[in-house]
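Chemist: sequence and computational prediction follow.
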Amino acid sequence: MKRLAIPLALGFAFLYLPILLMALFSFNDSRMVTSFTGFSLRWYESLWRNEVLMGALGLSLRIAAISATMATILGLLAGFALARFGRFRGRAGFGAVMAAPLVMPEVITGLSLLLLFVALESLFGWPAGRGASTIAIAHATFGAAYVAVVVQSRLADFDLSLEEAALDLGARPWTVFFAITLPLIAPGIAAGWLLAFTLSLDDLVIASFVSGPGASTLPMVIFSSVRLGLTPELYALATVLVVVVGVGMALALRFIRSR
């Protein structure tokens with residue numbers, strides 16, 4: 001056990017020490033990111049007044065919420081079909097199509113979706129250019145695959161005797177689904193939604209292909225800023241996101257333990 005402690009500690013240090021240093025330099029009074037000259041909150045105030053970063057953050061949150069909701073609906077239907085409908089005609093192809101975004105390189109996915117949107121615009125006039133709507137649709141397409149995997153695994157461990165008992169007592173199939181099945185798999189649905197939300201908020205490659213003028217997400221803005229040089233405002237923004245995620249994980253863990 002002691003032999004494993006050293007490489008384990010080194011691994012955690014490699015992962016989390018840069019995050020701690022980033023949070024430390026977000027309170028640096030100097031613009032220089034190589035030396036700490038004093039404690040200050042000036043970069044958090046500057047971040048709050050930065051319309052570009054705050055606008056990109058708001059746009060990314062809206063796109064992530066919309067795409068995660070669409071992905072959850074599609075993934076729930078797909079996962080339920082794969083878990084409950086048994087062997088039907090085209091099941092292998094349907095399963096392969098749903099699993100393809102999990103292993104497909106994002107460059108290929110982004111390029112293919114760009115070609116699709118261009119073809120739809122030339123044929124039907126929709127979408128009229130690329131923007132937030134095309135980014136949300138693109139994120140929903142690959143997010144649905146992750147939700148489907150989570151829902152399918154949740155249904156695989158489901159106790160069918162609960163549904164059978166409800167049917168024997170005279171409940172209709174739709175009543176059984178909404179009163180028994182859906183509440184019991186709700187944790188898996190919530191986990192799928194959070195996973196799709198995180199993937200959408202973090203995506204850069206696909207959004208770069210399907211976005212247009214005036215629709216720059218937060219990863220796109222950060223990537224463009226980093227290419228011109230690091231600024232303490234980016235450290236402050238990243239620190240805020242880390243704190244929000246950490247608080248959310250702590251609350252979720254406390255809720256799970258209380259249950």
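Modeler: Happy to help now that I have it.

Chemist: could you pull out the helices for the stretch 101-250 of the chain?
Modeler: Applying DSSP state H, counting those that start in this stretch to the stretch 101-250 of the chain gives helices spanning 106-124, 132-156, 160-168, 173-176, 182-184, 186-202, 205-210, 218-228, 232-258.

Chemist: can you put these in TSV and add mean neighbour count?
Modeler: Yep, even glycine has a C-beta here, placed from its N, CA and C like the rest. Output for those, formatted as TSV (neighbours: other CB atoms under 10 Å):
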stretch	mean neighbour count
helix 106-124	14
helix 132-156	22
helix 160-168	13
helix 173-176	12
helix 182-184	12
helix 186-202	19
helix 205-210	21
helix 218-228	15
helix 232-258	14
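
Chemist: of the ones you listed, which is nearest Thr69?
Modeler: helix 186-202 (7.2 Å; CB to CB).

Chemist: got the angle for that closest one vs helix 218-228?
Modeler: Helix 186-202 runs at 30 degrees relative to helix 218-228, counting by axes from the mean of the first three to the mean of the last three CA atoms, to 10 degrees.

Chemist: which other residues reach helix 186-202?
Modeler: 60-61, 63-65, 67-69, 71-72, 75-76, 136, 139-140, 142-144, 146-148, 150-151, 153-154, 182, 218-219 (CB atoms under 8 Å, 6 or more residues apart in numbering).

Chemist: hey, C-alpha coordinates of it in CSV?
Modeler: This file holds the C-alpha atoms of helix 186-202, laid out as CSV (Å, rounded to 0.1, in the frame of the first residue of the first chain):
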residue,chain,number,x,y,z
ALA,A,186,-34.7,9.5,-12.8
PRO,A,187,-31.2,9.4,-11.3
GLY,A,188,-29.8,8.0,-14.5
ILE,A,189,-31.7,10.6,-16.6
ALA,A,190,-30.4,13.4,-14.4
ALA,A,191,-26.8,12.0,-14.7
GLY,A,192,-27.3,11.9,-18.5
TRP,A,193,-28.5,15.5,-18.6
LEU,A,194,-25.5,16.6,-16.5
LEU,A,195,-23.1,14.7,-18.7
ALA,A,196,-24.6,16.2,-21.9
PHE,A,197,-24.6,19.7,-20.3
THR,A,198,-20.9,19.3,-19.4
LEU,A,199,-19.9,18.1,-22.8
SER,A,200,-21.7,20.9,-24.5
LEU,A,201,-20.2,23.5,-22.1
ASP,A,202,-16.7,22.1,-22.7
